[in-house]
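Visitor: The following comprises the amino acid sequence and a computationally predicted model.
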Amino acid sequence: MDQEKLHVAIIASPGVGHLLPVLLLANRLVIYHNITTTILAVTTQTSYLESQTLTKSSHIKIIKIPLPDTSNLLGEADSVFTRLTVIMREARHGIRSAISTMNPCPHVLIADLFACESLPIGNEFHMQKYVYVPCNAWFVALTTYLHVLDKEVEGEYVDWVKPLRIPGCRPVRREDLPDAMWDRSNRQYDEYVKMGVDFTTLSDGILTNTWKDMDPRCLDAFKCDETLRSFVKVPVYDIGPLTREVGVINLKGNKVIEWLNMQPLKSVLFVSFGSGGTLSFKQISELAWGLEMSQQRFVWVVRPPPRVGNASDGAFFSARNGSDITLDFLPEGFLTRTKELGLVIPMWAPQVDILNHGSIGGFLTHCGLNSVNESIKSGVPMIAWPLYAEQTMNATLLTEDLKVAIRPSVLPTKEVVDREEIEKMVRRLMKGEEKKAMMDNVKLLKESVKEALEVNGSSYNSMCDFINCCQMKMKSSKK
């Protein structure tokens with residue numbers, strides 16, 4: 001007897017860093033579970049074109065939702081977090097319109113974390129509703145519990161000496177706080193509190209791009225801790241880590257890969273701060289000097305410093321084209337002195353293919369979860385250099401729990417990391433006594449990723465649980 005096939009629609013927020021996890025989820029649903037999938041991408045033309053190269057299946061349809069005009073709703077000082085929240089709030093009309101024209105209508109609506117306010121649209125079209133949070137479980141726990149902390153904690157969280165307690169989870173120290181919690185008078189804080197409430201009140205469940213061995217304590221708490229369960233009453237599915245695959249992009253003649261082919265095994269440090277990360281002019285100079293002083297081989301994906309201020313996410317809404325970038329912000333003579341030692345690439349490089357290259361021995365990363373997962377899946381230890389969002393939490397998990405990374409003694413967004421410390425960190429990662437232990441740890445974690453995603457692995461089974469739940473609800477609604 002023919003059975004109606006489950007159809008899922010996923011809403012993606014602007015920016016490659018947010019579109020990518022949605023594309024990976026869609027690919028997983030289609031290729032491994034034969035689920036019809038449509039992506040509603042509220043995105044720029046650059047990110048939309050990126051999606052075309054990363055979507056591996058012709059069974060995934062991408063509908064571009066126009067960016068709404070938010071010029072009268074946002075100020076120059078508003079953070080990326082606030083901008084994304086407002087953009088997605090104003091995009092609801094376009095999302096509703098797109099869903100209304102889909103025939104047949106999808107059975108399930110999944111919203112990424114900035115699109116939660118679109119979930120009630122699912123009620124209008126009798127759709128099941130889920131939120132996709134491509135972050136670690138610890139962040140999900142903090143976010144969903146924040147409305148409680150908002151009532152319990154007086155004053156600023158950054159002035160709070162004791163770590164913030166989350167039932168069943170690792171406490172959150174003030175140096176681990178996401179930047180949305182640094183200033184309670186900032187508009188993004190109120191948006192963040194509301195987001196955490198929406199996760200559990202507007203959805204039927206939460207999907208996370210993580211896996212059992214990344215943060216077992218928090219994942220267990222979502223299932224077993226009675227206090228946390230009293231606040232997070234919907235199921236949490238650990239379905240990751242979903243990452244880009246090697247070889248998706250044609251790299252024939254790529255100068256980075258050709259240069260890496262000539263370098264010794266595990267000898268090169270890859271340096272990149274993700275699709276949105278930027279460093280101040282002073283920090284770029286110190287990083288350049290630190291790399292040079294270390295005398296270790298490197299590939300550095302570099303962006304100009306922000307034109308105004310020292311925003312660590314200054315490239316978030318920028319296009320990914322390095323052809324017109326001059327490197328005059330680097331120290332005088334740096335490129336000449338290091339031409340035999342390293343390679344400097346403006347704006348973008350094929351990160352997954354680089355990390356999987358045999359000559360790569362370490363990764364200096366901003367600790368965005370996409371990059372973290374790609375590094376672990378490639379078996380590459382890290383220097384954790386968090387810049388914004390929940391990246392400080394990722395850095396703590398990597399250095400203290402998983403022991404696959406080292407980090408600066410200061411928070412890079414608060415202080416400049418000087419060249420001497422950078423030199424020492426690079427040498428520690430590439431040549432130091434800790435290297436073998438980190439390599440062993442990341443190798444074990446790499447194997448755990450493979451096991452989690454295989455048939456009957458923890459993440460595979462969690463995805464099956466989610467799909468089975470959707471299918472049961474779909475059948476029930478037809479009766």
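Guide: Yes, it's here.

Visitor: Please count neighbours and contacts with C-alpha atoms only from this point.
Guide: Will do.

Visitor: in stretch 333-353, what counts as buried?
Guide: 335, 338, 341-353 (16 or more other CA atoms under 10 Å).

Visitor: residues in contact with that stretch?
Guide: When contacts are defined by CA atoms under 8 Å, 6 or more residues apart in numbering, stretch 333-353 is touched by residues 244-247, 249, 256, 288-289, 292, 295-303, 320-323, 325, 327, 374.

Visitor: Could you pick out the buried ones from those?
Guide: Neighbour-count burial (16+ other CA under 10 Å) is assigned, among the contacts of stretch 333-353, to 244, 256, 288-289, 292, 296-303, 320, 374.

Visitor: okay, who's weakest in the residues you listed by pLDDT?
Guide: On pLDDT alone, Arg320 ranks lowest of the buried ones among the contacts of stretch 333-353, at 47.

Visitor: all helices of the stretch 101-250 of the chain, in order?
Guide: 120-124, 137-152, 187-201, 216-224, 226-231 (DSSP state H, counting those that start in this stretch).

Visitor: Export these as CSV, with columns for mean neighbour count and mean pLDDT.
Guide: Supplementary listing: the helices of the stretch 101-250 of the chain in CSV, determined by neighbours: other CA atoms under 10 Å; pLDDT from 0 to 100:
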stretch, mean neighbour count, mean pLDDT
helix 120-124, 16, 97
helix 137-152, 19, 98
helix 187-201, 19, 98
helix 216-224, 18, 97
helix 226-231, 15, 95
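
Visitor: so which of the ones you listed gets nearest Val30?
Guide: Nearest of the helices of the stretch 101-250 of the chain to Val30, taken as CA to CA: helix 120-124 at 21.2 Å.

Visitor: Could you chop the protein up by domain?
Guide: Following automatic domain parsing, the chain resolves into domains at 7-244+455-478, 255-449.

Visitor: now the closest residue to Asp112 other than its chain neighbours: how far from Cys367?
Guide: The spatial neighbour of Asp112 that comes closest, neighbours along the chain excluded (CA to CA, 6 or more residues apart in numbering), is Tyr132 at 4.6 Å. As judged by CA to CA, to the nearest Å, Tyr132 and Cys367 stand 19 Å apart.

Visitor: Which members of the contacts of stretch 333-353 occur in helices, if any?
Guide: Among the contacts of stretch 333-353, DSSP state H puts 256, 288-289, 292, 374 in helices.

Visitor: Tell me which two in those are the farthest apart.
Guide: Most distant of the ones in helices among the contacts of stretch 333-353, by CA to CA, are Trp289 and Glu374, 27.0 Å apart.

Visitor: Could I get the full set of strands for the protein?
Guide: 7-12, 36-42, 60-65, 108-112, 128-133, 206-208, 236-238, 268-272, 297-302, 342-346, 360-365, 382-384, 405-406 (DSSP state E).

Visitor: I'd like those strands as CSV, with distance to Leu398 appended.
Guide: As requested, these are exported to CSV (distance: least, CA to CA, whole Å):
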stretch, distance to Leu398
strand 7-12, 27
strand 36-42, 31
strand 60-65, 33
strand 108-112, 24
strand 128-133, 19
strand 206-208, 18
strand 236-238, 18
strand 268-272, 17
strand 297-302, 21
strand 342-346, 26
strand 360-365, 11
strand 382-384, 8
strand 405-406, 6
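
Visitor: between these, which gets nearest to Arg173?
Guide: strand 382-384 (17.0 Å).

Visitor: Give me the contact list for that closest one.
Guide: 362-367, 375, 395, 398-399, 404-408, 425-426, 429.

Visitor: at 10 Å what do you get?
Guide: 269-271, 361-368, 372, 375-376, 391-392, 394-396, 398-399, 403-408, 412, 422, 425-426, 428-430, 435, 438-439, 442 (CA atoms under 10 Å, 6 or more residues apart in numbering).

Visitor: In helices only, show me the residues you listed.
Guide: Of the contacts of strand 382-384, the ones assigned to helices by DSSP H are 372, 375-376, 391-392, 394-396, 422, 425-426, 428-430, 435, 438-439, 442.

Visitor: thinking again about what came up before, would you tell me which one of the strands of the chain is buried the most?
Guide: strand 382-384 (a mean of 29; mean count of other CA atoms under 10 Å).

Visitor: Average pLDDT for it, rounded please.
Guide: The average pLDDT within strand 382-384 is 98.

Visitor: what does stretch 422-435 give?
Guide: Mean predicted confidence for stretch 422-435 is 94.

Visitor: now stretch 67-79
Guide: For stretch 67-79, the per-residue pLDDT averages 94.

Visitor: Repeat that for stretch 84-91.
Guide: Rounded mean pLDDT across stretch 84-91 is 97.

Visitor: same question, stretch 203-215
Guide: Per-residue scores along stretch 203-215 average to 97.

Visitor: tell me which residues of that stretch are tucked away?
Guide: In stretch 203-215, counting by 16+ other CA under 10 Å, buried: 203-212, 214-215.

Visitor: biggest separation within the buried ones among the contacts of stretch 333-353, which pair?
Guide: Farthest pair in the buried ones among the contacts of stretch 333-353, by CA to CA: Arg244 and Trp289, 31.9 Å.

Visitor: returning to what we had before: how much space separates the residue nearest to Asp112 from Leu74?
Guide: To Leu74, Tyr132 is 25 Å away according to CA to CA.

Visitor: can you check Tyr145 too?
Guide: Relative to Leu74, and taking CA to CA, Tyr145 is found at 27 Å.

Visitor: just Pro163 next, same as before
Guide: Note on Pro163: its distance to Leu74, by CA to CA, is 33 Å.

Visitor: With Gln283 instead?
Guide: Gln283 is 29 Å from Leu74, by CA to CA.

Visitor: quick one: which of these two has more around it?
Guide: Gln283 (19 against 14; other CA atoms under 10 Å).

Visitor: Isn't that one up against Pro412?
Guide: Yes. Using CA atoms under 10 Å, Gln283 is in contact with Pro412, at 8.7 Å.
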